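Chemist: I would like the atomic coordinates for the input below:
(one chain, ligands or ions: 2)
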Amino acid sequence: MSKLRVAVLGAQGRIGSEAVRAVEAADDMELVAGLGRGDKLETLVEAGAEVVVELTNPGAVMGNLDFCVRHGIHAVVGTTGWTDERLAQLRTSLAASPGAGVLIAPNFSIGAVLTMRFAQQAARFFESAEIVELHHPKKADAPSGTAARTAQLIAGARAEAGCAPQPDATTTALDGARGADVDGIPVHSVRLRGLLAHQEVLLGGEGETLTIRHDSLHHSSFMPGILLGVRRVVNTPGLTVGLENFLDLG
Ligand SMILES: NC(=O)C1=CN([C@@H]2O[C@H](COP(=O)(O)OP(=O)(O)OC[C@H]3O[C@@H](n4cnc5c(N)ncnc54)[C@H](OP(=O)(O)O)[C@@H]3O)[C@@H](O)[C@H]2O)C=CC1
Ligand SMILES: O=C(O)C1=N[C@H](C(=O)O)C[C@H](O)C1
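Modeler: Numbers count the residues shown, from 1 in each chain. Ligands and ions are numbered 1, 2, ... in the order given. Predicted structure coming up:
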């Protein structure tokens, strides 16, 4: 069986360097390129890359994906900073290259994906829902892509169930004291030396609370999800948002 030809963009970065090692260690994959800032994207075509793993930054990801999609190269994307406008732009370029598949995964770790699913399931049973995400201080974006996605899923589940707005008597507050508002869900971002990637979903009802917490303690936590994404994206044309779509969660 021929090996999948995989390239990594952001290959010298924190997660990118771990992804390079994971692809090299996978029996069914061959690392054909590892590119950093300033390297020519044409290298991807010259190297015959079938799938690109995109792990750069929000300023670079759109141009990189535009190139990949135009050249029929599939992409597995971990880079954060996604907005509805960016997703719409990507869908437009995918429409012109119908064979290409792109997976955008706000989080590749299985535990984080399950946290999102459990939070979505629990959200309608509680009056209050807030998110605290905690990351290393070199992270560029806040809130994290995972927290933003979790908030959207919680808000969607609450709207579908016809939940009332959350109770909150705050009338005066310092800027930021109540966190960022993502679809009505407060999201609080902590940046602390010593941490990697952590999230708590706090749910509250009359006389009880439920806390769903996930901790990524090492970048290795993201690797099984990246490899799964690479294997599945080649047979999944168009845009897929969320690794849960490849996990058969039911
Ligand atoms: N979905 C998930 O599960 C995860 C997602 N992430 C996300 O992945 C992204 C990267 O995170 P992290 O590794 O911590 O960040 P880093 O800054 O450590 O890595 C990013 C790398 O990309 C390089 N780079 C910048 N621009 C380009 C470009 N145009 N082409 C190729 N390479 C480029 C950077 O180079 P230079 O240093 O010169 O700028 C750097 O080496 C972030 O958006 C983060 O949120 C992270 C972990 C898990
Ligand atoms: O920058 C990181 O480190 C991470 N970024 C992703 C996010 O923004 O959710 C995934 C994970 O939290 C690690």
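
Chemist: which residues touch the residue nearest the centre of the chain?
Modeler: Centroid-nearest residue in the chain, with CA atoms, centre = their mean: Pro106, separated by 0.9 Å. Listed by CB atoms under 8 Å, 6 or more residues apart in numbering, the contact set of Pro106 reads 80, 82, 116, 144-146, 148-149, 241-242. Any C-beta I mention is one placed from the backbone N, CA and C, and that applies to glycine too.

Chemist: My reading is that Gln152 is in a strand; is that accurate?
Modeler: No. Assessed with DSSP: H, G, I helix; E, B strand; the rest coil, Gln152 is helix; it does not lie in a strand.

Chemist: Can you check the pLDDT for the closest residue to it other than its chain neighbours?
Modeler: Spatially, and ignoring its direct neighbours in sequence, Gln152 is nearest to Asp183 (5.5 Å; CB to CB, 6 or more residues apart in numbering). pLDDT recorded at Asp183 is 97.

Chemist: which of the contacts of Pro106 are close to ligand 1?
Modeler: 80, 145 (CB under 6 Å from any ligand atom).

Chemist: Quick check: residues of this structure near ligand 2?
Modeler: Contact residues (CB under 6 Å from any ligand atom) of the chain with ligand 2: 80, 106-107, 135, 139, 144-146, 197.

Chemist: thinking again about what came up before, among the contacts of Pro106, which two are most distant?
Modeler: By the measure CB to CB, Ser144 and Val241 form the most distant pair in those, at 15.5 Å.

Chemist: re earlier: and the contacts of Pro106 as CSV, adding neighbour count, pLDDT and secondary structure?
Modeler: Formatted as CSV, the contacts of Pro106 follow (neighbours: other CB atoms under 10 Å; pLDDT from 0 to 100; DSSP: H, G, I helix; E, B strand; the rest coil):
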residue, neighbour count, pLDDT, secondary structure
Thr80, 22, 94, coil
Trp82, 19, 94, coil
Met116, 27, 98, helix
Ser144, 23, 97, coil
Gly145, 19, 97, helix
Thr146, 26, 98, helix
Ala148, 24, 97, helix
Arg149, 23, 97, helix
Val241, 16, 97, strand
Gly242, 17, 97, coil
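
Chemist: Which neighbouring elements make contact with the helix or strand containing Leu90?
Modeler: Using DSSP states H and E, Leu90 falls within helix 84-95. Judged by 3 or more CB pairs under 8 Å, 6 or more residues apart in numbering; DSSP states H and E, helix 84-95 is in contact with helix 61-70, strand 101-104, strand 238-241.

Chemist: I'd like to know how many residues surround the residue nearest to Gln152.
Modeler: 14 (other CB atoms under 10 Å).

Chemist: ditto for Leu94
Modeler: Residues near Leu94, counting by other CB under 10 Å, number 18.

Chemist: My read is that the residue nearest to Gln152 contacts Ala155, right?
Modeler: Yes. Look at Asp183 against Ala155 with CB atoms under 8 Å: they come within range, at 3.6 Å.

Chemist: In PDB, could you pull the C-alpha coordinates for stretch 63-73?
Modeler: Presented in PDB, the C-alpha positions along stretch 63-73 are these (Å, rounded to 0.1, in the frame of the first residue of the first chain):
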ATOM      1  CA  GLY A  63      -3.100  32.300   2.200                       C
ATOM      2  CA  ASN A  64      -1.700  28.800   2.900                       C
ATOM      3  CA  LEU A  65      -5.100  27.200   2.500                       C
ATOM      4  CA  ASP A  66      -5.900  29.100  -0.600                       C
ATOM      5  CA  PHE A  67      -2.700  27.800  -2.200                       C
ATOM      6  CA  CYS A  68      -3.400  24.200  -1.100                       C
ATOM      7  CA  VAL A  69      -7.100  24.200  -2.300                       C
ATOM      8  CA  ARG A  70      -6.100  25.700  -5.700                       C
ATOM      9  CA  HIS A  71      -3.600  22.900  -6.100                       C
ATOM     10  CA  GLY A  72      -5.900  20.100  -5.000                       C
ATOM     11  CA  ILE A  73      -3.900  19.500  -1.800                       C
END
